[in-house]
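Novice: show me how the following folds:
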Amino acid sequence: MRIIFATHNEDKLREIREIMREFPGEIKSKKEIGELGDVVENGSSFLENAEIKARDLYEKLKGKGILQDGDIVMADDSGLSIEALSFGPGIYSARFLGENTAYSEKNKRILAMLKEASNKSRYAYYTCAIVAILSDGKTLKTEARCEGEIAEEIRGEGGFGYDPIFFIPDCGKMAAELSEEEKNRVSHRGKALRKMVRILKEENAHLERKQASEDKKEGKPKEDSKKAQETVSEEEKKILVVSDNHRKLETLFQLIDANPDISCFLHLGDSEGGEEEIRAHLPKKCDSYFVQGNNDFFAYLPKEAEIRLGKERLFLTHGHLYGVNFDLQRLADEAKDRNCSMALFGHTHKPCQRTVNGVLCINPGSISFPRQDNRRQSYAMFYLDKKGNLRTELRYI
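Specialist: Purely as a prediction, here's the structure:
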C-alpha cells in the first residue's frame with residue numbers, strides 16, 4: 001500500500017510523513033514516483049485546487065500503469081487568509097507577490113501592508129484541504145483550519161512559508177517557533193491529515209465488512225482472526241490514571257504505594273506544582289505523563305498529549321479548553337480529528353466513562369476534591385494485556 005502525494009515540496013513532504021508516521025505503507029512524492037510536471041490550479045477554493053492536483057496525478061499514474069491496487073493518490077492545497085487583506089492571499093498564497101519571490105520578502109511586505117492598515121484586524125488563519133483518490137477512483141475530502149493572527153515582527157527559525165509572521169495564541173508562539181511535534185499537533189495540515197487518516201480507516205473497515213459479507217454469501221470459511229475468541233490469560237500491565245489532586249499528595253501517595261506494580265501513570269492536570277514529588281514517588285521504570293490544568297499556572301507541562309497504549313491511541317487533556325462542564329462533544333471531536341479512540345480528561349472532579357461519537361471519554365474524577373453526588377474520591381485503573389487490548393475501570397477510595 002502506498003500514498004503518492006502530489007507535491008515537490010520537501011518541507012511539506014517531511015511534515016506529512018511525520019504526521020502520518022503510523023501509516024502502514026510508503027508515502028512517496030510525485031517526484032519520487034517519476035512525475036515532475038505541474039497542473040494549472042484554476043479552482044475557486046482550496047478543495048477544488050486539491051482535487052485538480054489529485055485527479056491530474058491519478059490519471060497520469062493510471063495511464064502509465066504505475067498505479068497499483070490499494071494505492072492512494074493524495075493532494076493538498078493550503079494558504080493563509082488575512083482579514084486586513086480582505087482574507088487574501090487565500091488560494092493565491094503561493095503566487096502572492098510573484099511565485100519566484102522569496103517568502104522572507106513576502107513576509108516583510110505583508111507586515112508593511114498591515115502597518116499601513118493599523119486600524120484593521122490582524123486576525124488570520126491557515127487552511128488546508130486534502131483530497132484522496134483511491135485506486136478504484138473513489139474520492140475522499142477533508143479540510144481544516146489553524147487560527148491565529150499576524151504578528152508585528154518576524155520571529156522563529158522553524159517551519160516554512162508564512163510561519164515566521166503567524167502567531168498562534170493557544171500556543172503563545174509563532175508557528176516558526178514551534179517544535180515539529182507542537183506544530184503538527186495544531187497546524188491546519190496536521191488536523192486535515194488526521195481527519196483523512198480517520199476517514200481512510202473507516203473506508204477500510206467498510207470494505208472489510210463488505211468482503212466478509214460477500215464471503216459469507218459464497219459460503220467461504222471465516223478466517224480465524226488470530227484466535228479472537230481465545231480467552232486472554234496473559235499477564236496484564238496496570239496503568240494508574242488520576243486528576244485534580246490540587247497540591248494534596250497524601251491520598252495519591254497511598255494509592256501509588258498500594259499499587260507498586262503499575263507500569264504507567266497518567267495525570268490529567270491540576271496537580272499544582274507537585275509533579276516532581278509525584279514522579280519521585282512512582283515505582284522505578286514506571287512511565288509517567290502529565291498535562292497542564294487550568295490551575296497549573298507555573299508548570300512547564302504540555303497542555304495536551306497523545307500516547308498509544310496497545311491497540312488504542314489516547315488523547316490526554318485537562319478538558320477546560322473543550323467545555324467539558326457542559327458536554328463532551330467538542331472533546332470527542334478533537335480526539336477523533338487526532339485519530340484517537342479514547343479521550344482522557346479531568347477538570348470537572350466528577351468520574352465518568354461515556355462513548356461520544358465513537359470516542360470513549362473517561363474522567364477519573366478527583367483524587368482529593370470530588371464533586372459528584374456521593375463525594376467519593378476516585379481514580380481510574382487501566383489493564384493492558386500482551387495482545388494490546390486495553391480494559392478500563394473507574395474506582396473509588
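Novice: C-alpha only now, for contacts and for neighbours.
Specialist: Will do.
Novice: in the chain, which helix or strand is least confident?
Specialist: helix 188-217 (a mean of 80; mean pLDDT, DSSP states H and E).
Novice: now the element after that one, going C-ward?
Specialist: Downstream of helix 188-217, the first helix or strand assigned by DSSP states H and E is strand 237-242.
Novice: for the helix or strand harbouring residue 391, the distance to its chain's centre please.
Specialist: Assigned by DSSP H and E, residue 391 belongs to strand 390-396. Strand 390-396 sits 25 Å away from the centroid of its parent chain (C-alpha atoms, centre = their mean, to the nearest Å).
Novice: mind listing the strands it pairs with, and their directions?
Specialist: Here strand 390-396 is paired, per DSSP bridges, with strand 378-384 (antiparallel).
Novice: which residues sit in contact with residue 336?
Specialist: For residue 336, the contact set (C-alpha atoms under 8 Å, 6 or more residues apart in numbering) comprises 195, 198, 359.
Novice: export those to TSV and tack on distance to residue 41 and neighbour count?
Specialist: Putting those into TSV (distance: C-alpha to C-alpha, whole Å; neighbours: other C-alpha atoms under 10 Å) gives the following:
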residue	distance to residue 41	neighbour count
195	24	22
198	27	17
359	37	22
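Novice: need the helices for the stretch 51-200 of the chain, in chain order.
Specialist: With helices called from DSSP state H, counting those that start in this stretch, the stretch 51-200 of the chain shows them at 103-116, 180-186, 188-217.
Novice: before we move on, back to that, would you list the contacts of residue 336 in CSV and tack on distance to residue 56?
Specialist: Below are the contacts of residue 336 laid out as CSV (distance: C-alpha to C-alpha, whole Å):
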residue, distance to residue 56
195, 23
198, 24
359, 36
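Novice: re earlier: and of the helices of the stretch 51-200 of the chain, who's closest to residue 162?
Specialist: With distances scored as C-alpha to C-alpha, the stretch of these nearest to residue 162 is helix 103-116 (6.4 Å).
Novice: quick check: buried residues in the strand holding residue 391?
Specialist: Burial within strand 390-396, assessed by neighbour count using 16 or more other C-alpha atoms under 10 Å, is assigned to 390, 394.
Novice: repeat that for stretch 294-314.
Specialist: For stretch 294-314, burial by neighbour count (16+ other C-alpha under 10 Å) applies to 296, 299, 301, 303, 304, 305, 306, 309, 313, 314.
Novice: which of those residues fall within strands?
Specialist: Among the buried residues of stretch 294-314, the members falling in strands (DSSP state E) are 304, 305, 306, 309, 313, 314.
Novice: strands of the stretch 1-150 of the chain, start to end?
Specialist: 2-5, 26-29, 72-82, 88-89, 123-134, 139-150 (DSSP state E, counting those that start in this stretch).
Novice: low-confidence stretches in the stretch 101-250 of the chain?
Specialist: In the prediction, the stretch 101-250 of the chain carries residues with pLDDT under 70 at positions 117-119, 218-234.
Novice: what's in contact with stretch 273-291?
Specialist: Stretch 273-291 is contacted from outside by 247, 249, 253, 256, 260-269, 296, 298-299, 301-305, 316-318, using C-alpha under 8 Å, 6+ apart.
Novice: what separates that stretch from the chain centre, distance-wise?
Specialist: Counting by C-alpha atoms, centre = their mean, stretch 273-291 comes out at 25 Å from the chain centroid.
Novice: kindly format the C-alpha coordinates of it as PDB.
Specialist: Extracted in PDB, the C-alpha atoms of stretch 273-291 (Å, rounded to 0.1, in the frame of the first residue of the first chain):
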ATOM      1  CA  GLY A 273       3.200  22.000  41.400                       C
ATOM      2  CA  GLY A 274       3.700  18.600  42.800                       C
ATOM      3  CA  GLU A 275       4.800  16.900  39.600                       C
ATOM      4  CA  GLU A 276       8.400  16.200  40.600                       C
ATOM      5  CA  GLU A 277       7.300  14.800  44.000                       C
ATOM      6  CA  ILE A 278       4.800  12.600  42.300                       C
ATOM      7  CA  ARG A 279       7.400  11.300  39.800                       C
ATOM      8  CA  ALA A 280       9.800  10.600  42.600                       C
ATOM      9  CA  HIS A 281       7.200   8.600  44.400                       C
ATOM     10  CA  LEU A 282       6.400   6.400  41.500                       C
ATOM     11  CA  PRO A 283       7.800   2.800  41.200                       C
ATOM     12  CA  LYS A 284      11.100   2.500  39.300                       C
ATOM     13  CA  LYS A 285      10.700   2.100  35.500                       C
ATOM     14  CA  CYS A 286       7.100   3.500  35.700                       C
ATOM     15  CA  ASP A 287       6.400   5.800  32.700                       C
ATOM     16  CA  SER A 288       4.600   9.000  33.500                       C
ATOM     17  CA  TYR A 289       2.600  11.600  31.600                       C
ATOM     18  CA  PHE A 290       1.300  14.900  32.900                       C
ATOM     19  CA  VAL A 291      -0.800  17.500  31.200                       C
END
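Novice: tell me the mean pLDDT over it?
Specialist: Mean pLDDT, stretch 273-291: 92.
Novice: and residue 27, how close does it get to residue 313?
Specialist: Distance, residue 27 to residue 313, using C-alpha to C-alpha, to the nearest Å: 21 Å.
Novice: wait, I meant residue 126
Specialist: Applying C-alpha to C-alpha to residue 126 and residue 313 gives a distance of 27 Å.
Novice: ok, now residue 333?
Specialist: From residue 333 across to residue 313, the span is 14 Å (C-alpha to C-alpha).
Novice: burial of the residue nearest to residue 196 when sequence neighbours are not counted, as a residue count?
Specialist: On the basis of C-alpha to C-alpha, 6 or more residues apart in numbering, the spatially nearest residue to residue 196 that is not a chain neighbour turns out to be residue 142, at 6.2 Å. Neighbour count for residue 142, taken as other C-alpha atoms under 10 Å: 19.
Novice: number of residues surrounding residue 379?
Specialist: For residue 379, the neighbour count with other C-alpha under 10 Å is 24.
Novice: same question, residue 139
Specialist: Residues contacting residue 139 under the criterion other C-alpha under 10 Å number 16.
Novice: kindly report the same for residue 84.
Specialist: When neighbours are counted by other C-alpha under 10 Å, residue 84 comes out with 18.
Novice: helices and strands around the helix or strand that residue 257 is a member of, which ones?
Specialist: Assigned by DSSP H and E, residue 257 belongs to helix 250-258. Using 3 or more C-alpha pairs under 8 Å, 6 or more residues apart in numbering; DSSP states H and E, the elements in contact with helix 250-258 are helix 275-281.
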